[in-house]
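**Student:** just need the structure, nothing else, for what follows:
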Amino acid sequence: MDVNFNKNEDFNKLLISDLRKRFAKVKLGGGQNRIDKQREKGKMTARERVDYLLDNKTKSIEIAAFAGHEMYKEHGGCPSGGVIVKIGYINGKQCIVVANDATVKAGAWFPITAKKNLRAQEISIENKIPIIYLVDSAGVYLPMQDEIFPDKEHFGRIFRNNAIMSSMGITQISAVMGSCVAGGAYLPIMSDEAIIVDKTASIFLAGSYLVKAAIGESIDNETLGGATTHCEISGVTDYKALDDKDALDKIKRIVDKIGDFEKAGFNKVKGEAPKENEEDIFGILPKERNAPYDMLEIINRLVDKSEFDQYKEGYGQTILTGYARIDGWAVGIVANQRKLVKTKKGEMQFGGVIYNDSADKATRFIANCNQKKIPLVFLQDVTGFMVGSKSEHGGIIKDGAKMVNAVSNSVVPKFTVIIGNSYGAGNYAMCGKAYDPRLIVAWPSAELAVMSGNSAAKVLLQIETASLKKRGEKITPEKKAKLFDQIKSRYDLQISPYYSAARIWTDAVINPLDTRTWISMGIEAANHAPIEKQFNMGVLQV
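**Tutor:** Numbering: from 1, shown residues only. Next up is the predicted model:
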């Protein structure tokens, strides 16, 4: 191993250490004191509920663990968006589980909470997998009601989705394990079946205080909307549970009896580990985001037996395309090649840049995968499309549009892994969030932005200095350098993978060694939903 490999390895392993520390903090939710209070009431925490419900010693993936990261500081924060979402297995059946975290503002809904719940439902809808709701929420966080209540993608969309999912035949099961108030009461009751925990759970449109204020009736919450009321009088809920574990055991038994599903039929054989050492990824991936490296070396450490059959290997070399398997699933890979490449004409092309020929090649390959019903995996480390007169005269806009068209109209499931740079239109062409990947994850080395921190800071510095000069201020080299550092540090904060994950622009920041699990479980989920549309790129200039 060379010196650069060791330096890269040290740097990337520090990023993984930082990821683990951040996740450990997120797992505490509202803090240890609130966790202790939850347990004193005889209740499990949201994470304990999810872990108990999912099959022991099986794989699971957590969606949007960093939702709300360093957001809403003036409101005390909202770790993990106040809700835990995992894809895992219940009695061997793949499901998605959504659990309110009552240690975070009593499980109240912030704007990011709604976005995360909608993302969970979107995954369930796209893949037609059962969804389980573990409800323990005080409802909308009132100080921010204007940002969560009335708009299309706000709180009410959750219940609209409940109805749509029911009509699609997607199984929805709810367990009310704490407070379930006002509009939030509709979610469990719009599910197929609802369980309520005796003495610690309640459902009502208005609690006892509001009832007293509104109509003058004096009544306690248990009589108003407890388990006995709703299981024996109103008939609102279907099962009464003795405690949290009893409720979760009932869910397990219900899920165990769900019939088999119609499969999409994606090709799968027995999975095999890569021949190349997966941990080498940490030494191959460079410390500097603008440094070249061979993406093929990364691919060989992600795919079964390190076998990658390249499509058009000698053409359009700044994008690698080809067929492989991940955990036995057949996949088509579209990846940005980051090393400098030489064309047959003797011209040099920059790694990470999409040229006319590489865009054309990717378009053709995406069409082939749709023809063969092979899921697509995009490995992003892209700075954008090539600029300049030669590219413009060659029709780079047209070739880029073809690639975007193919990605947009693709009917096979798509999965996106942001390894390094994800800049500008390159993000779009390589299946960024706007292009409906079934799952999109980032490595800790990722950067998402319109352009790199250095480039953006230079542009913003020009604007700032011009503005200061107009006001008559003298710009010394020292002041200019200070301004640049201030602008770049602010911009660098926004291009961090955690900034993106906080806003659910990605589903997770993951250890590169977990990439195979995310893609494999993602394709398994997608296999629940047969493809109903034909691939058609519509009107396209050729």
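**Student:** my read: residue 102 touches residue 41, true?
**Tutor:** No. Residue 102 lies out of contact with residue 41 (CB atoms under 8 Å); the separation is 9.3 Å. Backbone N, C-alpha and C define where each C-beta goes, glycine included.
**Student:** longest helix of this structure?
**Tutor:** helix 3-26 (DSSP state H).
**Student:** just the C-alphas of that helix, formatted as CSV.
**Tutor:** Only the C-alpha atoms of helix 3-26 are listed here, as CSV (Å, rounded to 0.1, in the frame of the first residue of the first chain):
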residue,chain,number,x,y,z
VAL,A,3,1.4,6.6,1.4
ASN,A,4,-1.6,8.1,-0.2
PHE,A,5,-3.6,5.0,0.4
ASN,A,6,-2.8,5.1,4.1
LYS,A,7,-3.6,8.8,4.3
ASN,A,8,-6.9,8.3,2.6
GLU,A,9,-7.7,5.3,4.9
ASP,A,10,-7.0,7.3,8.0
PHE,A,11,-9.1,10.3,6.8
ASN,A,12,-12.1,8.2,5.7
LYS,A,13,-12.1,6.1,8.9
LEU,A,14,-12.2,9.3,10.9
LEU,A,15,-15.3,10.2,8.9
ILE,A,16,-16.9,6.9,9.8
SER,A,17,-16.0,7.5,13.5
ASP,A,18,-17.7,10.9,13.3
LEU,A,19,-20.8,9.2,11.7
ARG,A,20,-21.0,6.7,14.6
LYS,A,21,-20.7,9.5,17.2
ARG,A,22,-23.4,11.6,15.5
PHE,A,23,-25.7,8.5,15.3
ALA,A,24,-25.1,7.6,18.9
LYS,A,25,-26.3,11.1,19.9
VAL,A,26,-29.3,10.9,17.6
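**Student:** following the chain onward from that helix, which element is next?
**Tutor:** Note on helix 3-26: by DSSP states H and E, the next helix or strand toward the C-terminus is helix 32-40.
**Student:** list the buried ones in that following helix?
**Tutor:** By neighbour count with 16 or more other CB atoms under 10 Å, helix 32-40 contains the buried residues 34, 35, 38.
**Student:** which parts of the stretch 201-350 of the chain are helices?
**Tutor:** With DSSP state H, counting those that start in this stretch as the definition, the stretch 201-350 of the chain shows helices at residue ranges 208-215, 221-225, 227-228, 244-256, 281-284, 295-299.
**Student:** rank the ones you listed by pLDDT, which is bottom?
**Tutor:** The weakest mean pLDDT among these belongs to helix 208-215, with a mean of 84.
**Student:** helices and strands around that one, which ones?
**Tutor:** Using 3 or more CB pairs under 8 Å, 6 or more residues apart in numbering; DSSP states H and E, the elements in contact with helix 208-215 are helix 221-225.
**Student:** which residues touch the helix it packs on?
**Tutor:** 199, 202, 203, 204, 207, 208, 211, 228, 229 (CB atoms under 8 Å, 6 or more residues apart in numbering).
**Student:** change it to 7 Å
**Tutor:** With CB atoms under 7 Å, 6 or more residues apart in numbering as the test, helix 221-225 has contacts from 202, 203, 204, 207, 208, 211, 229.
**Student:** likewise for stretch 436-444?
**Tutor:** 15-16, 18-19, 126-127, 413-419, 431, 433, 497, 500-501, 506-510, 512, 518, 522, 526.
**Student:** among those residues, which lie within helices?
**Tutor:** 15, 16, 18, 19, 126, 127, 497, 500, 501, 518, 522, 526.
**Student:** show me what contacts residue 297?
**Tutor:** residue 284.
**Student:** check the spacing between it and residue 276 real quick.
**Tutor:** 8 Å (CB to CB, to the nearest Å).
**Student:** mean pLDDT per helix and strand in the chain: which one sits at the bottom?
**Tutor:** helix 453-470 (a mean of 75; mean pLDDT, DSSP states H and E).
**Student:** circling back: filter the contacts of stretch 436-444 down to the buried ones.
**Tutor:** By 16+ other CB under 10 Å, the contacts of stretch 436-444 give 15-16, 19, 126-127, 413-419, 431, 433, 497, 500-501, 506-510, 512, 518, 522, 526 as buried.
**Student:** hang on, the earlier thing: adding distance to residue 342, write the helices of the stretch 201-350 of the chain out as TSV.
**Tutor:** TSV is the format used below for the helices of the stretch 201-350 of the chain (distance: least, CB to CB, whole Å):
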stretch	distance to residue 342
helix 208-215	73
helix 221-225	72
helix 227-228	72
helix 244-256	56
helix 281-284	21
helix 295-299	15
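**Student:** closest one to residue 120 among those?
**Tutor:** helix 244-256 (16.0 Å; CB to CB).
**Student:** and the closest one, which residues are buried?
**Tutor:** For helix 244-256, burial by neighbour count (16+ other CB under 10 Å) applies to 244, 247, 248, 249, 250, 251, 254, 255.
**Student:** pLDDT score for the residue lying closest to the third one once chain neighbours are set aside?
**Tutor:** The one in question is residue 248. Spatially, and ignoring its direct neighbours in sequence, residue 248 is nearest to residue 53 (4.9 Å; CB to CB, 6 or more residues apart in numbering). pLDDT for residue 53: 98.
**Student:** please begin residue numbering at 46 from this point
**Tutor:** Shifting the count to begin at 46 puts that one at residue 98.
**Student:** state the phi and psi torsions of residue 98.
**Tutor:** phi -70, psi -40 (degrees, to the nearest 10).
**Student:** surely it and residue 296 touch.
**Tutor:** Yes. Counting by CB atoms under 7 Å, residue 296 is a contact partner of residue 98 at 6.2 Å.
**Student:** let's have the contacts of helix 266-270 in JSON lines, adding distance to residue 512 and neighbour count.
**Tutor:** Putting those into JSON lines (distance: CB to CB, whole Å; neighbours: other CB atoms under 10 Å) gives the following:
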{"residue": "247", "distance to residue 512": "57", "neighbour count": "25"}
{"residue": "248", "distance to residue 512": "56", "neighbour count": "27"}
{"residue": "249", "distance to residue 512": "56", "neighbour count": "21"}
{"residue": "252", "distance to residue 512": "53", "neighbour count": "18"}
{"residue": "253", "distance to residue 512": "58", "neighbour count": "18"}
{"residue": "256", "distance to residue 512": "57", "neighbour count": "17"}
{"residue": "274", "distance to residue 512": "64", "neighbour count": "19"}
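**Student:** between these, which is nearest residue 192?
**Tutor:** Of all the contacts of helix 266-270, residue 252 has the smallest distance to residue 192: 23.2 Å, by CB to CB.
**Student:** and the closest one, what does it touch?
**Tutor:** Shown in contact with residue 252 (CB under 7 Å, 6+ apart): 226, 266.
**Student:** could you rerun that using 10 Å?
**Tutor:** Contacts for residue 252 were tallied using CB atoms under 10 Å, 6 or more residues apart in numbering; they are 183, 184, 224, 226, 227, 264, 266, 269, 270.
**Student:** gap between the residue lying farthest from the centre of the chain and residue 500?
**Tutor:** Most distant from the centre of the chain: residue 517, at 47.4 Å, with distances by CA atoms, centre = their mean. Computed with CB to CB, the distance linking residue 517 and residue 500 is 29 Å.
**Student:** report the set of residues contacting both of residue 147 and residue 86.
**Tutor:** Joint contacts of residue 147 and residue 86 (CB under 10 Å, 6+ apart) are residue 223.
**Student:** show me where the stretch 196-345 of the chain dips below the pLDDT cut-off.
**Tutor:** The stretch 196-345 of the chain contains residues with pLDDT under 70 at 228.
**Student:** strands of that one, residue ranges please.
**Tutor:** 217-226, 238-242, 247-249, 284-286 (DSSP state E, counting those that start in this stretch).
**Student:** one more: the stretch 346-495 of the chain?
**Tutor:** Counting by DSSP E, counting those that start in this stretch, the strands of the stretch 346-495 of the chain are 354-355, 364-371, 374-381, 386-387, 393-394, 398-399, 421-427, 429-430, 459-468, 484-487, 492-494.
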